[in-house]
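# structure for the following, please:
(one chain, ligands or ions: 2)
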Amino acid sequence: MPASMETTVTQQLQFSPWIHSKSIAAKPKGSLHFSRKLAEQHILQVPFSFDLRVSRHSSHRRTVALKISCSYKNSSVLESGNQCASVDESLAIQRKSREIESYLNGRCIYLVGMMGSGKTTVGKVLSNALGYSFSDSDSLVEQDIGISVAEIFKVYGEDFFRERETEALRKLSLMHQFVISTGGGAVTRTINWKYMHKGISVWLDVPLEALVKRISAVGTNSRPLLHHDSTDAYSKTLVRLSSLLEERGEAYANAEVKVSCEKIAAKLGTKDVSNVTPMAIAIEIMGTRTNRDLFEERRWLLFILMATKNDSFRYI
Ligand SMILES: Nc1ncnc2c1ncn2[C@@H]1O[C@H](COP(=O)(O)OP(=O)(O)OP(=O)(O)O)[C@@H](O)[C@H]1O
Ligand SMILES: O=C(O)C1=C[C@@H](O)[C@@H](O)[C@H](O)C1
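Ligands and ions are numbered 1, 2, ... in the order given. The predicted model follows:
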């Protein structure tokens, strides 16, 4: 087994939810090392089986299926889990995160987009890769008021929620090194943009049909603006989401970066956006520069060019 692949696989474990994966150290020698702290905490005794299969699904991706079994100290229970990950994506995300570290300079990333566009899912992958913290403005409001977003809408109404959402974004705008998943409607208030423009805003643009599929699969209970009685979930969600998207299209376009799932799918050689993984979206985000930053870069280039051409050039 090539050493580089083993390294990647070991690093993939950091995304695994079923063991205290943060305590796993990657070692590019084909062995898994667990920290002393983990052992001292009597959590993990020894990994006793390690099963790795590499398959080639398409010309674009190699997928590693990794199965690990561990025994836990002071317990007869054995637990195991599976982790599937694309080696290429995993390498690309690590490389990109190193590349953009100085460009980001600690700036927060605000993910905006419709309900179900993947702000939370992609946000967690992105924050993990960048070594940033993750936060979610809906969760901050819930913690603040002590009840769920759906209950806040029911008890206090949408205007009250929007005020609290703005306050959550104001607090977040004081932070550094955060990836922030914003509420789907956060883009509708101008004041929220004042806060979000303190960092880099990214619109996750996902086709309506994909949003409806995702939301109908998990239900609308936690999404008060979409909630309806249980009959014909797909078409009711479709109607409601399409009118929200029409109302908000321009507001989402205020984001400095637009990441289109359809475009990523096309790059992968497919039309089906369900083939676009959260990791692929995170990689695309990391590879895109804002117009503001491109403008700054060009300004500097121009300055250097003129300075080298003309010694007496003075930059104003
Ligand atoms: N790239 C993806 N491919 C397939 N499914 C995805 C993808 N990203 C997210 N999902 C799924 O879509 C659903 C919604 O994702 P998520 O909660 O991250 O969206 P969100 O934008 O945070 O939604 P909301 O604003 O309503 O909280 C989840 O079930 C998630 O697993
Ligand atoms: O799109 C919206 O307006 C909303 C999206 C959710 O994230 C929540 O912020 C709330 O349900 C409203």
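# count the neighbours of the residue nearest to His227 when sequence neighbours are not counted for me.
What sits nearest to His227 in space, not counting adjacent residues and going by Cβ to Cβ, 6 or more residues apart in numbering, is Thr220, at 4.7 Å. Placement of C-beta: from N, CA and C, glycine included. Using other Cβ atoms under 10 Å, the number of residues around Thr220 comes to 20.
# check which helices and strands the helix or strand encompassing Thr237 sits against.
If you go by DSSP states H and E, Thr237 is part of helix 233-252. With contacts defined as 3 or more Cβ pairs under 8 Å, 6 or more residues apart in numbering; DSSP states H and E, helix 233-252 has these neighbours: helix 208-218.
# helices or strands next to the helix it packs on in the packing?
Helices and strands touching helix 208-218, by 3+ Cβ pairs under 8 Å, 6+ apart, are helix 233-252.
# rounded mean pLDDT for the helix it packs on, please.
Here helix 233-252 scores 90 as its mean pLDDT.
# next helix or strand past the host helix or strand of Asn192?
Following DSSP H and E, the helix or strand that holds Asn192 is helix 190-196. Elements were assigned by DSSP H and E; along the chain past helix 190-196, the next helix or strand is strand 200-205.
# contacting residues for the residue nearest to His227?
Thr220 makes contacts with 226-228, 233, 237, as judged by Cβ atoms under 8 Å, 6 or more residues apart in numbering.
# which among the residues you listed end up buried?
The neighbour count (16 or more other Cβ atoms under 10 Å) marks 226-227, 233, 237 as buried among these.
# thinking again about what came up before, format the contacts of Thr220 as JSON lines; extra columns: distance to ligand 1.
As requested, the contacts of Thr220 are exported to JSON lines (distance: Cβ to the nearest ligand atom, whole Å):
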{"residue": "Leu226", "distance to ligand 1": "9"}
{"residue": "His227", "distance to ligand 1": "12"}
{"residue": "His228", "distance to ligand 1": "15"}
{"residue": "Ala233", "distance to ligand 1": "14"}
{"residue": "Thr237", "distance to ligand 1": "12"}
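# up against ligand 1, what does this structure have?
113, 115-121, 181, 184, 214, 218, 223, 274, 276-278, 281 (Cβ under 6 Å from any ligand atom).
# can we see that at 8 Å?
111, 113-123, 136, 138, 181, 183-184, 204, 206, 210, 214-215, 217-218, 222-223, 261, 273-274, 276-278, 280-281 (Cβ under 8 Å from any ligand atom).
# of these, buried ones?
Buried members of the residues of the chain next to ligand 1, scored by 16+ other Cβ under 10 Å, are 111, 113-119, 121-123, 136, 138, 181, 183-184, 204, 206, 210, 214-215, 223, 261, 273, 276-278, 280-281.
# among those, which are in strands?
Using DSSP state E, the members of those that fall in strands are 111, 136, 181, 204.
# specify which member of those is nearest to ligand 1.
Distances from ligand 1 to these, taken as Cβ to the nearest ligand atom, are shortest for Ser181 (5.3 Å).
# specify the beta-bridge partners of that closest one.
Applying DSSP bridges to Ser181 gives these bridge partners: Leu111, Asp136.
# correct me if wrong: it contacts Ser127.
No. Using Cβ atoms under 8 Å, Ser181 makes no contact with Ser127, being 9.5 Å away.
# need the overlap of contacts for the two.
Residues touching both Ser181 and Ser127 by Cβ under 8 Å, 6+ apart: Phe134.
# how about Phe134, secondary structure?
Three-state assignment for Phe134 (DSSP: H, G, I helix; E, B strand; the rest coil): strand.
# nearest spatial neighbour of it, chain-adjacent residues omitted?
Leaving aside its sequence neighbours, Phe134 sits nearest to Ser127 (Cβ to Cβ, 6+ apart; 4.0 Å).
# and Lys258, helix, strand or coil?
Quick answer, by three-state DSSP: Lys258 is strand.
# would you mind measuring from it to Glu246?
Taking Cβ to Cβ, to the nearest Å as the measure, Lys258 falls 17 Å from Glu246.
# the two - which one has more neighbours?
Neighbours were counted for Lys258 and for Glu246 using other Cβ under 10 Å; Lys258 has more, 16 against 10.
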